[in-house]
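Novice: Just the structure for this:
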Amino acid sequence: MIEWAVDGDTLHVTDADNAELTVTGDEFAVDGSGVDIPRPADDTVVVTATELRFPHAVVYAFSLGLEDQYELDPNGEPLSLPPGEYVVDIDTEIKAYLRFSGAARIEKTDDYEETVVSFPDRTRVILGLRCRHEFPAGTITVPDSPSAIADAITHMAASHKTDSPDRSYPTLRGHPSLLEHGDELEISDCIRSDTPDHGIQLVVPPDYESLFVTAPLAYYLQATVQTTDERLGNRTGSKAGDSRPYLRLSDHAIEEPLSPMPDLERDVERLLRKSFFLDCLVRNAGPYGTTLSELSLLEALGLDADTLYEASPQDRLAAYLDVPYAAIKHRLPDWHLSTYVAPEYDSIESLPFLLDRLSMIYTPRTSELEGRELVERSLEDFYRGNDPDPTAHSGYDPGVDRATGQVASVDIVKPDLRSGRTHGWLADGVPIDVFKSAPEAYYNRLEFLEEASDSTSICVVLNDPEMAGEHDHVAEIYRQRSEELTLDLTVEESLETAALARMFETDHDFVHYIGHCETDGLCCPDGTLSVSSLDRCNVQTFFLNACGSFYEGMNLIEKGSVAGAVTFTKVLNDHAVKVGSTFAKLLVHGFSIERAMALARRRIMMGKDYAVVGDGTHSLTQAESRLPTTATLEELDEGEDERRFLLTLDCFSTRVTGSYYFPHTEHNEYAYLCGNESSFTLTEPELATMLKETEASVIYDGDIYWSKELWSRFDR
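Specialist: Take a look at the predicted model:
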């Protein structure tokens, strides 16, 4: 769903996911809408202008009727297009396409913050707009039967928009159909007709563990899934005990054996990561290619990108199977997300949402935390800098905690975490180092997406005057961000139980609660509010920055929220201020709930006391560059003439797996896949310029900063 409005020479665009796009122009006017454009667009706007300015973006230009293709140089060299018919692809948070006739010049501003398209004369342009979020295409009804679930997983691949290596781009993998419980398998004719048959078959034992674990691989490869009992019935001479899983390529007579559980998890992980990674490299032979730093690996492996790009999915996979995993292991980007799911029939409704994020799926296993293990794991994550005595750090203060009465206790366990940067938990138990999700969170997200909104509503609630420091700090953070995004900020103090209940029942995108929490609920001047008493929660996301707020947070998810931050136990007041202010800044700059909390809680020594509930991959707002970035800055040994620094960039998001980023350093020529870090040695002036032109959180000298606040330290 796309909505747009004009304010003078500015076009404001929003979508159902609260993403925003602002287009400004010179001699600008809107002349209508609804005109066709040769690209997939949700809406079109006809404008005339001599110049159009967009946010920083990757830009491609295509000459209609010819095969000419151009890419705007990431280093800033302008692109001049001779007179002709063009479609220009501008890869902003809301996808934009320009269709026009004539000559044009495309360039980046000196600070790389804008992309400018200019014309010799006032020109008519069709502006196509496409929302990046895809809603599920239909619903499949599934009975409690492994073979039926295998069929349903097969048809999840109907949501793919291509079977080429370009499916590694997040925009070309649509949201799979929803799954619901029923007595019989029901798949619509539309979904059946859209499901490809590439001759790739994944055969697994008829148990939920194997089906869930292999589902991400089947979905990405667009494989037909069968259970071994079905397959044995169709194979002449098969032995009854022949129930090992395998991957079959019919045209090549290949049957790649896979290990039974639990080693099946490892085999699936390796196959999916290898296939996805090689697709990310091979796709550069297509129309949306770029100069990746990892691209030279293809030549070393003896793979021809042009041939593989045009090959069938089965032929391409056959070539990938010949590549030893050990040959690429050291170059693989970090896998973005792993989710631990109870392998049972009740869990199938969450499966489409996990596949939409292309999450690995593992079986949940836990053990008890031993002794001081929780403290030790917190200290391992703490930003100590060069402090030899962590207990002397300003973040360690025995000060006052936020508890006024009895705090709800949570029995925390240690999860057996496998591959992945971010971890979700859809099973019993409350583990550390994961976000504790629930099926309701994913469905709640769909409901919020379907509700049109032209701004992001944030409410800060201070229910204890002694905590006014955090209240003032986070409110100012939200106010500053509202100058760049459309944010509506409300600040409330000392809400009584009825007023606090109404606040949770009112439509808000984010509520930041600062106060106390006891076993009976959130503390108010006239008592406590248990959110379980609410009929419905209409707050999309939240932060309950109060002692022991885990259960209240889980109740908010069950009542309607998507995700939120909570605490497991008592927290010190100064720690809560540090975590709260950092979380607020990261959240409104496009970081997901889980990523924002993971970074914020590392500012304090007992960061493991904080956690995320609901869908931790959810983001409240967008980042300026679409991909939230974290930089780690380290000063190198001083030379004779000038200070030098090692800057390491980590551009990562669970929402856009398969994307890439281009670091704008003076001498860089390459893009990098998200999940792979890039490092640069910079002089002090180069570092100041880089930080000034980059929107990123920066880990430096034992703490975390925002780049725009830090750059002036090095501007000498």
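Novice: quick one: low-confidence parts of the stretch 551-700 of the chain?
Specialist: 605-606, 623-626, 638-640 (pLDDT under 70).
Novice: Which parts of it are strands?
Specialist: 563-567, 610-614, 629-635, 644-651, 660-661, 672-673, 678-683, 697-700 (DSSP state E, counting those that start in this stretch).
Novice: Can you tell me which of these is nearest to Val531?
Specialist: strand 563-567 (10.8 Å; CB to CB). C-beta coordinates here come from the backbone N, C-alpha and C atoms, glycine included.
Novice: which residues touch the closest one?
Specialist: Applying CB atoms under 8 Å, 6 or more residues apart in numbering, the contact partners of strand 563-567 are 435, 441, 517, 541-550, 552-554, 556-557, 583, 593-594, 596-597, 609-616, 618.
Novice: Can I have the buried ones of those residues as a ChimeraX selection?
Specialist: Entered in ChimeraX, the line below selects the buried ones among the contacts of strand 563-567, by 16 or more other CB atoms under 10 Å:
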select :435,441,517,541,542,543,544,545,546,547,548,549,550,552,553,554,556,557,583,593,594,596,597,609,610,611,612,613,614,615,616,618
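Novice: Of the contacts of strand 563-567, which belong to helices?
Specialist: Ala441, Phe550, Glu552, Gly553, Met554, Leu556, Ile557, Phe583, Ile593, Glu594, Ala596, Met597 (DSSP state H).
Novice: so the first one makes contact with Lys559?
Specialist: No. The pair Ala441 / Lys559 is not scored as a contact, 11.2 Å apart, by CB atoms under 8 Å.
Novice: on that earlier part again, tell me the one among the ones in helices among the contacts of strand 563-567 nearest to Glu695.
Specialist: Ala596 (14.3 Å).
Novice: That closest one reaches Gly590, doesn't it?
Specialist: No. With contact defined as CB under 8 Å, Ala596 does not count as touching Gly590 (9.3 Å).
Novice: so which helix or strand takes in Arg418?
Specialist: Using DSSP states H and E, Arg418 falls within no helix or strand.
Novice: wait, it sits on Thr339?
Specialist: No. Using CB under 8 Å, Arg418 is not in contact with Thr339, being 10.7 Å away.
Novice: more neighbours, those two?
Specialist: Thr339 (28 against 17; other CB atoms under 10 Å).
Novice: For Pro136, see how far away the more buried one is.
Specialist: Distance, Thr339 to Pro136, by CB to CB, to the nearest Å: 18 Å.
Novice: what's the answer for Met597, then?
Specialist: Distance from Met597 to Pro136, by CB to CB: 27 Å.
Novice: now swap in Glu552 and tell me
Specialist: 30 Å.
Novice: Lowest mean pLDDT among the helices and strands of this protein, which one is it?
Specialist: helix 373-381 (a mean of 64; mean pLDDT, DSSP states H and E).
Novice: And the helix or strand just after it, how far out from the chain middle?
Specialist: The first helix or strand that comes after helix 373-381 along the chain, using DSSP H and E, is strand 412-415. Its chain's C-alpha centre and that of strand 412-415 lie 25 Å apart, by CA atoms, centre = their mean, to the nearest Å.
Novice: Could you do stretch 10-21 as well?
Specialist: Relative to the chain's own centre, stretch 10-21 is displaced by 18 Å; criterion: CA atoms, centre = their mean.
Novice: just stretch 316-331 next, same as before
Specialist: That offset, for stretch 316-331, works out to 26 Å (CA atoms, centre = their mean).
Novice: Mind listing residues that contact it?
Specialist: Against stretch 316-331 from outside (CB under 8 Å, 6+ apart): 165, 200, 221, 249, 252, 254, 256, 270, 274-275, 277-279, 282, 294, 297, 301, 303, 308, 311, 676.
Novice: run the last query once more with 7 Å
Specialist: Contacting residues not belonging to stretch 316-331 are listed as 200, 221, 249, 252, 254, 256, 270, 274-275, 277-278, 294, 297, 301, 303, 308 [CB atoms under 7 Å, 6 or more residues apart in numbering].
Novice: Could you check how far the closest residue to Arg248 other than its chain neighbours is from Ile191?
Specialist: Among residues not flanking Arg248 along the chain, Gln201 sits closest, at 4.2 Å (CB to CB, 6 or more residues apart in numbering). Gln201 sits 19 Å away from Ile191, going by CB to CB.
Novice: now do Arg602
Specialist: 44 Å.
Novice: more neighbours, these two?
Specialist: Arg602 (23 against 20).
Novice: just for the stretch 51-200 of the chain, where's the confidence low?
Specialist: Using pLDDT under 70, the stretch 51-200 of the chain drops low at 67, 133.
Novice: which of the contacts of stretch 316-331 count as buried?
Specialist: Applying 16+ other CB under 10 Å to these flags 200, 221, 249, 254, 270, 274-275, 277-278, 294, 297, 301, 303, 308 as buried.
Novice: Tell me the one among those residues nearest to Leu710.
Specialist: Nearest to Leu710 among the buried ones among the contacts of stretch 316-331, with distances taken as CB to CB, is Glu294, at 29.3 Å.
Novice: contacting residues for that closest one?
Specialist: Contacts of Glu294 were listed using CB under 7 Å, 6+ apart, and they are Leu281, Arg331, Leu673, Asn676.
Novice: what sits opposite the residue lying closest to Met467 once chain neighbours are set aside in the beta ladder?
Specialist: Ranked by CB to CB, 6+ apart and with sequence neighbours excluded, the top spatial neighbour of Met467 is Ile514, at 5.0 Å. With DSSP bridges as the criterion, Ile514 is bridged to Leu462, Asn545.
Novice: what about Ile514, how many residues close to it?
Specialist: For Ile514, using other CB under 10 Å, the count is 25.
Novice: Ok, Trp711 next?
Specialist: Neighbours of Trp711 (other CB under 10 Å): 19.
Novice: Kindly list the main-chain dihedrals of Ala41?
Specialist: The phi and psi values for Ala41, taken as degrees, to the nearest 10, are phi -130, psi 140.
Novice: how close does it get to Lys95?
Specialist: 8 Å.
Novice: Tell me the strands beside the strand ranked longest in the chain, with direction?
Specialist: For the chain, the strand reaching the highest residue count under DSSP state E is reported as strand 114-130. Partners of strand 114-130 in the sheet, by DSSP bridges, are strand 43-55 (antiparallel), strand 95-108 (antiparallel).
Novice: Now do the phi/psi pair for Leu358.
Specialist: According to degrees, to the nearest 10, Leu358 has phi 50, psi 50.
Novice: That one contacts Leu217, correct?
Specialist: No. With contact defined as CB atoms under 7 Å, Leu358 does not count as touching Leu217 (10.3 Å).
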